[in-house]
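K.L.:
using only what follows, build the 3D model:
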Amino acid sequence: LAHDLYPTRRQEISRRGVASAIGVMNLFGCAFGAMPMCHGAGGLAAQHSFGARGGLSIFFLGTLKIALAVIFGGPAILSLLSAYPDAILGALLGISGLELAVSGVKGLGESAGVPAEFRRDSLVCFATAGITVATGNTALGCLAGLFVALVESKPVRRLVNCGADEPEEAVGRRHKERSAGGSAQSSSNPAVGLGS
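P.N.:
Just a heads-up that it's a prediction; the model follows:
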């Protein structure tokens, strides 16, 4: 999502960097009683959709949250959050969900050129979303997606196929060989392709 929203800054955003930041944040935060946290793709999608583009917006949001926690305390914050209008919350969640869905479709579109990858990515996506929606449990959805990703991984597929190529790869290779053979044949024989 970060790469989609900020394509000119792709070099600054790496999976390892994000994972390391989340790990360090949780190691220190949880030691002081904080709940485990992540950088939040949903938060990034929502904030970006509503105009947040730089570090100052995140600084402002963090300062506001700390001030609310210090001034009002736990019970008052819960009351304040429960009084938050559902319609506004629904609109915010809908817009951030749409942003995430668009990013996911772009990712599937990038893998569409390779049938095996597109099949795998689609299965993982739909297994995760389907189980999450059906059970209402994000953890089960995550486990379902991880399971499908493992089953659809190349090492497992090769093991199941006794070391043979995956069917999609074999079909793709045969199609390329036929195309290359047909073009070579037509170039060597000028009569091929001419009407009789």
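
K.L.:
point out where this structure drops to low pLDDT.
P.N.:
Under the criterion pLDDT under 70, the flagged ranges of the chain are 110-113, 160, 162-196.

K.L.:
which residue ranges of it form helices?
P.N.:
2-5, 15-31, 41-49, 55-82, 86-110, 115-135, 138-151, 154-160, 167-188 (DSSP state H).

K.L.:
possible to save these as CSV with mean neighbour count?
P.N.:
(C-beta placed from N, C-alpha, C; glycine too.) Formatted as CSV, the helices of the chain follow (neighbours: other Cβ atoms under 10 Å):
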stretch, mean neighbour count
helix 2-5, 15
helix 15-31, 11
helix 41-49, 17
helix 55-82, 11
helix 86-110, 13
helix 115-135, 16
helix 138-151, 15
helix 154-160, 12
helix 167-188, 11
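
K.L.:
I figured residue 135 hits residue 141, correct?
P.N.:
Yes - at 7.2 Å, residue 135 counts as touching residue 141 under the criterion of Cβ atoms under 8 Å.

K.L.:
chain center to stretch 65-83: distance?
P.N.:
32 Å (Cα atoms, centre = their mean, to the nearest Å).

K.L.:
for the nearest residue to residue 36 once chain neighbours are set aside, what are its contacts?
P.N.:
Among residues not flanking residue 36 along the chain, residue 26 sits closest, at 5.2 Å (Cβ to Cβ, 6 or more residues apart in numbering). Counting by Cβ atoms under 8 Å, 6 or more residues apart in numbering, residue 26 makes contact with 34, 36, 37.

K.L.:
which of those are buried?
P.N.:
Among these, not one counts as buried by 16 or more other Cβ atoms under 10 Å.

K.L.:
with those in mind, which one is nearest to residue 107?
P.N.:
Nearest to residue 107 out of the contacts of residue 26 is residue 37 (Cβ to Cβ; 24.0 Å).

K.L.:
my read: residue 124 touches residue 151, true?
P.N.:
No - counting by Cβ under 8 Å, residue 124 stays clear of residue 151, with 9.7 Å between them.

K.L.:
just to revisit the earlier point, out of the contacts of residue 26, which comes closest to residue 70?
P.N.:
Distances from residue 70 to the contacts of residue 26, taken as Cβ to Cβ, are shortest for residue 34 (14.9 Å).

K.L.:
and for that closest one, nearest residue in space, chain neighbours not counted?
P.N.:
Computed as Cβ to Cβ, 6+ apart, the closest residue to residue 34 that is not its neighbour in sequence is residue 26, at 8.0 Å.
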